[in-house]
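Colleague: show me the folded form of this:
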Amino acid sequence: MKRIGQYSAFADAAIFEAVRTPWVDLGGALSQVSPIDLGIKVGREVLARAGIDPLAVDSVLAGSMAQASFDAYLLPRHIGLYSGVAQSVPALGVQRICATGFELLRQAAEQLRDEAQLVLCVASESMSRNPIAAYTHRDGFRLGGAVQFKDFLWEALYDPAPGLDMIATADNLARRHGLSREAVDRYARDSHQRALQAQRDGAWVDEIVTVDNQVFELEGYRPRGISLARRADAVTEDSHPRSTTLAALARLRAVHPDGVQTAGNSCAVVDGAAAALVGRASACTRPALARLLASAVVGVAPEFMGIGPVPAIRLLLQRSGLSLDDIGRFEINEAQAAQVLAVVQELELDSDRLNVQGGSLGLGHPLAATGVRLVMTLARQLRAHNLRYGIAAACVGGGQGMALLIENPAYRA
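Modeller: Sure thing, here's the model as predicted:
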């Protein structure tokens, strides 16, 4: 029998606490900060907020996509060390593109089955510091030869297997599912409005930590630190949420002439970091943020990569014995509006349970960090509304989908 995807169930895993920096637009106040230092910031903050001694951490898992600093190879190790974790504790880099945040949590829960008691998970992304790179000039530049430098951030959006960029894969879904430009723009408008209203209501206050100029000391080693750009003293909230209208969105040119996706109905490009502490639910001394129940990850056709959440969510529900009706909230990453609408159509999801505080269209999508944000936002919604189960999911460039099932430990029937 052919196996479809990978499913993991976790009997005793919980997210003790989770925090994030504000998501800040490309070229904004976080644009000159190394993702390592953003990761150290949230690593320290999540430990402090949980009231846990860093020396209690048994493992460090960290993820970041682009090599956005010259010491990028050391990102997991330096995040652990400068967060105060014991020198003897190992660190591992994790990468599943847009689902990296989910993968960090999955691997943390897997480690709890062995000797680990507490795992620090950190995801950090500097889109602003994506390099202009050359891969073919190690031997120098030949006289009269072509010099090829490319924008890593732009080129990373292109999948050479189908010969399509990520926007084109969403346009493929729009054609396959009969989604009009007006419908896609309407979803984008609503998502922007939800995000702006959630910000006004203080919906993310509990998960966001202020980022300011500071130095991180580590005894016996050189200090690191954060120096904000644009003469900023501190960053306290997400910078991208803004008001928009259908008329304003309709005026934007489609990326591809025959497509529906534009800059206004695609995710914003931002910088940011998020962290979570994952430990054994049975050992948690105070109410956990959420229980991690299961994960599912699947592969799909690269040219329709945005549909990935559909089979991932179906596998998650099938193997966990739950139905769509059992799920109180869904957080599905908004890579592109057409992509989310295709997922909604396939699963027949109702909008009052999906991305009710907006999503990456209004907030932005710092690749590795988004999955952790989706889960912490989802967990806090479940607690606020006394809902039991929630699912966070995302599509993944190259053709994958991943989903996590969480439970509200404070749920009362």
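Colleague: any idea which helix or strand carries the closest residue to Leu38 other than its chain neighbours?
Modeller: Computed as CB to CB, 6 or more residues apart in numbering, the closest residue to Leu38 that is not its neighbour in sequence is Ala273, at 3.7 Å. For the C-beta atoms, the positions are set from N, CA and C on the backbone; glycine is no exception. For Ala273, the element it lies in under DSSP states H and E is strand 270-280.
Colleague: swap in Phe10?
Modeller: Under the criterion of DSSP H and E, Phe10 resides in strand 6-20.
Colleague: now do Cys121
Modeller: strand 118-125.
Colleague: adjacent strands (with direction) for the helix or strand hosting Gly225?
Modeller: Taking DSSP H and E as the criterion, Gly225 maps to strand 221-226. Note on strand 221-226: by DSSP bridges, its sheet partners are strand 214-218 (antiparallel).
Colleague: I figured Pro131 hits Ala72, correct?
Modeller: No: using CB atoms under 8 Å, Pro131 is not in contact with Ala72; the gap is 9.8 Å.
Colleague: picking that back up, any idea of the mean pLDDT in the strand holding Gly225?
Modeller: The average pLDDT for strand 221-226 rounds to 98.
Colleague: phi and psi next, for the residue of the chain most remote from its centre.
Modeller: In the chain, the residue that sits farthest from the middle, by CA atoms, centre = their mean, is Leu143; the gap is 44.2 Å. Note on Leu143: backbone dihedrals following degrees, to the nearest 10 are phi -60, psi 120.
Colleague: next one: Gly371
Modeller: Per degrees, to the nearest 10, the backbone of Gly371 is at phi -60, psi -40.
Colleague: what's the nearest residue to it if we skip its chain neighbours?
Modeller: Gly371's closest residue in space is Gly101 (CB to CB, 6+ apart), at 2.3 Å.
Colleague: tell me who's in contact with the one you found.
Modeller: 63, 123, 274, 368-375 (CB atoms under 8 Å, 6 or more residues apart in numbering).
Colleague: tell me the contacts of the closest residue to Val209 other than its chain neighbours?
Modeller: Distances taken as CB to CB, 6+ apart place Glu45 nearest to Val209, at 4.5 Å, with adjacent residues excluded. Counting by CB under 8 Å, 6+ apart, Glu45 touches 19, 209, 275.
Colleague: tabulate those residues in a markdown table, adding columns for pLDDT.
Modeller: Below are the contacts of Glu45 laid out as a markdown table (pLDDT from 0 to 100):
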| residue | pLDDT |
| --- | --- |
| Val19 | 98 |
| Val209 | 98 |
| Ala275 | 98 |
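Colleague: wait, which of those is closest to Val89?
Modeller: Nearest to Val89 among the contacts of Glu45, counting by CB to CB, is Ala275 at 15.3 Å.
Colleague: what about the residue nearest to Leu38, distance to Leu30?
Modeller: According to CB to CB, to the nearest Å, Ala273 and Leu30 sit 9 Å apart.
Colleague: give the residues shared as contacts by those two.
Modeller: By CB under 8 Å, 6+ apart, the residues touching both Ala273 and Leu30 are 21, 38.
Colleague: of the two, which one has the most company?
Modeller: Ala273 (36 against 33; other CB atoms under 10 Å).
Colleague: isn't that one up against Ala369?
Modeller: Yes: counting by CB under 8 Å, Ala273 does reach Ala369; the two are 5.5 Å apart.
Colleague: and whichever helix in the chain runs longest, what other elements does it pack with?
Modeller: When the chain is scanned for its longest helix (criterion: DSSP state H), the result is helix 181-200. Packing contacts for helix 181-200, counted by 3 or more CB pairs under 8 Å, 6 or more residues apart in numbering; DSSP states H and E, involve helix 246-250, helix 337-347, helix 360-363.
Colleague: columns mean neighbour count, mean pLDDT and distance to Arg194 on top of these, output as CSV?
Modeller: Below are these laid out as CSV (neighbours: other CB atoms under 10 Å; pLDDT from 0 to 100; distance: least, CB to CB, whole Å):
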stretch, mean neighbour count, mean pLDDT, distance to Arg194
helix 246-250, 14, 97, 15
helix 337-347, 25, 98, 13
helix 360-363, 29, 97, 7
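Colleague: looking at those helices, which is nearest to His137?
Modeller: helix 360-363 (35.0 Å).
Colleague: residues contacting the closest one, please?
Modeller: Helix 360-363 has contacts (CB under 8 Å, 6+ apart) with 23, 188, 191-196, 238, 240-242, 265-268, 270, 333-335, 337, 370, 373.
Colleague: three-state assignment of the residue most central in space within the chain?
Modeller: Note on the chain: the residue nearest the mean C-alpha position is Thr370, at 1.2 Å, using CA atoms, centre = their mean. Following DSSP: H, G, I helix; E, B strand; the rest coil, the label given to Thr370 is helix.
Colleague: so how far is Met376 from it?
Modeller: Thr370 is 11 Å from Met376, by CB to CB.
Colleague: cool, Ala275 as well?
Modeller: In terms of CB to CB, Ala275 sits 9 Å off from Met376.
Colleague: what touches both of those two?
Modeller: 18-20.
Colleague: nearest to Leu249, of those?
Modeller: Arg20 (27.2 Å).
Colleague: report the contact partners of that closest one.
Modeller: Applying CB under 8 Å, 6+ apart, the residues contacting Arg20 are 42, 207-209, 272-275, 369, 372-373, 376.
Colleague: burial check on the closest residue to it other than its chain neighbours, number of neighbours?
Modeller: Nearest residue to Arg20, sequence neighbours excluded (CB to CB, 6+ apart): Ala274, at 3.8 Å. Neighbourhood size, Ala274 [other CB under 10 Å]: 33.
Colleague: please apply the same query to the one 4 residues further on.
Modeller: Here the neighbour count serves as a burial measure; for Val278 (other CB under 10 Å) it reads 30.
Colleague: tell me what it is bridged to.
Modeller: Beta-bridge partners, per DSSP bridges, of Val278: Ile15, Val119.
Colleague: residues touching it, list them.
Modeller: Here Val278 is in contact with 13-16, 105, 108-109, 112, 118-119, 121, 292 (CB under 8 Å, 6+ apart).
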